[in-house]
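# Have a look at this fold, sequence not included:
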């Protein structure tokens, strides 16, 4: 008898639980569609006085659409970022020492020795173009503090205002040429790895303020002196011209909404120490990036 009573009690409790669960299921249904949640909720029926109203009374529902909270990944990748900017350099060269050391040569006395005017750049035409294969962002602290790193090519076009030429036969040197060039530029290219600490003031929005600072290390992959003149036409002279194979630079980035600016400054000189030339390139420009 006791066993029958216990079994009946268990069945009664299970039935009540199922009824409550089933009632909850009928009152509210949830459907997930992509990143959205559609909630269907049954309203309580309004009381009426008419029997006809009671017979024809229908259950009413309300629908609410909510966006499912987006789960941010701790690592995000941005592919094919492009930088467009201006380039220049801080010239700290002792030209008397550089001429005495033999890197700057005077091939024709009428043209004079190389001096600070010889290497003067046209600011508006000296450019920097960077193509980053990828840049990744690693979350460090609540997506407010991040580590950014990547890989890409940095390309510099230093456009000269005068007629200096760079050669390598057999040893690299530079000199004031005897003709006037309509275009005279020095191209330098590096394969570069940047590393920055990023601070994002609004991690849930792309319209806020963010800034980054760090360093980059680049390896010299190409350099040439391209010249155009009426006498010689278009010519390219390739060589490392005694440039440093490695470039280490301080770099920075600031973003306000979709607009992002970048800058870099070389911590080591462009040429090797043996040349006695001290030129430190720097750049500033706009970055086309998602973040």
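On my side now, so go ahead. Fair warning: this is a prediction, and the values are worked out from it, not measured in the lab.
# rest of the way, CA atoms for contacts and neighbours
OK.
# Can you give the strand pairings for the helix or strand harbouring residue 130, parallel or anti for each?
In this assignment (DSSP states H and E), residue 130 forms part of strand 127-141. The pairing partners recorded for strand 127-141 under DSSP bridges are strand 75-91 (antiparallel), strand 145-159 (antiparallel).
# Identify whichever of those lies nearest to residue 273.
The closest of these to residue 273 is strand 75-91. By CA to CA, the value is 14.0 Å.
# and the closest one, how far from the chain's centre?
Between the centre of strand 75-91 and the centre of its chain there are 7 Å (CA atoms, centre = their mean, to the nearest Å).
# Need the contact partners of it.
121, 123-139, 156-158, 278-291 (CA atoms under 8 Å, 6 or more residues apart in numbering).
# ranges for the strands of the stretch 1-150 of the chain?
Assigned strands in the stretch 1-150 of the chain, in chain order: 28-33, 36-42, 61-67, 75-91, 104-105, 127-141, 145-159 (criterion: DSSP state E, counting those that start in this stretch).
# number of nearby residues for residue 139?
For residue 139, the neighbour count with other CA atoms under 10 Å is 18.
# ditto for the one 4 residues further on
Close neighbours of residue 143, defined as other CA under 10 Å, add up to 21.
# which secondary structure element contains the residue nearest to it when sequence neighbours are not counted?
The spatial neighbour of residue 143 that comes closest, neighbours along the chain excluded (CA to CA, 6 or more residues apart in numbering), is residue 203 at 5.9 Å. Following DSSP H and E, one finds residue 203 outside all helices and strands.
# circling back to that earlier point, now the strands paired with strand 127-141 as TSV including mean neighbour count, distance to residue 114 and mean pLDDT?
Formatted as TSV, the strands paired with strand 127-141 follow (neighbours: other CA atoms under 10 Å; distance: least, CA to CA, whole Å; pLDDT from 0 to 100):
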stretch	mean neighbour count	distance to residue 114	mean pLDDT
strand 75-91	17	13	97
strand 145-159	21	16	98
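# can you put those in a markdown table and add distance to residue 230?
Shown next, in a markdown table, are the strands paired with strand 127-141 (distance: least, CA to CA, whole Å):
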| stretch | distance to residue 230 |
| --- | --- |
| strand 75-91 | 27 |
| strand 145-159 | 18 |
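# For residue 107, find the nearest of the ones you listed.
Smallest distance to residue 107 across the strands paired with strand 127-141 (CA to CA): 22.2 Å, for strand 145-159.
# Show me how the chain divides into domains.
Annotated domains of the chain cover 2-67, 75-288 [automatic domain parsing].
# Return the most buried member of these.
Highest mean neighbour count among the domains of the chain (mean count of other CA atoms under 10 Å): domain 75-288, with a mean of 18.
# now do the same end-to-end measure for it.
In domain 75-288, first residue to last residue: 20 Å (CA to CA, to the nearest Å).
# State the pLDDT value of the residue nearest to residue 143.
On pLDDT, residue 203 comes in at 89.
# same deal with residue 208?
Residue 208 carries a pLDDT value of 86.
# re the thing from before, going by mean pLDDT, which of the domains of the chain comes out lowest?
By mean pLDDT, the lowest-scoring of those turns out to be domain 2-67, with a mean of 56.
# could you pull out the strands for the stretch 151-291 of the chain?
Ranges of strands in the stretch 151-291 of the chain, per DSSP E, counting those that start in this stretch, are 164-168, 172-176, 183-200, 209-229, 233-238, 246-256, 259-266, 279-288.
# and residue 104, what are its bridge partners?
Beta-bridge pairing for residue 104 (DSSP bridges): residue 174.
# can you tell me which residues contact it?
98, 113, 114, 173, 174, 175 are the contacts of residue 104 under CA under 8 Å, 6+ apart.
# so can I have TSV of those showing distance to residue 267?
What follows is the contacts of residue 104, written out as TSV (distance: CA to CA, whole Å):
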residue	distance to residue 267
98	20
113	28
114	24
173	23
174	23
175	26
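# now, the most widely separated pair of the residues you listed?
Farthest-apart pair in those is 113 and 173; separation 12.6 Å (CA to CA).
# Find residues that contact each of these two.
Common contact partners of residue 113 and residue 173 (CA under 8 Å, 6+ apart): 104, 105.
# what's the closest non-adjacent residue to residue 245?
Excluding the flanking residues, the one nearest residue 245 by CA to CA, 6+ apart is residue 220, at 5.0 Å.
# Could you do residue 202 as well?
residue 208 (5.3 Å).
# Would you confirm that that neighbour contacts residue 259?
No. If you go by CA atoms under 8 Å, residue 208 and residue 259 don't touch, sitting 10.3 Å apart.
# got any residues that touch both of these two?
Counting by CA under 8 Å, 6+ apart, residue 208 and residue 259 have no common neighbour.
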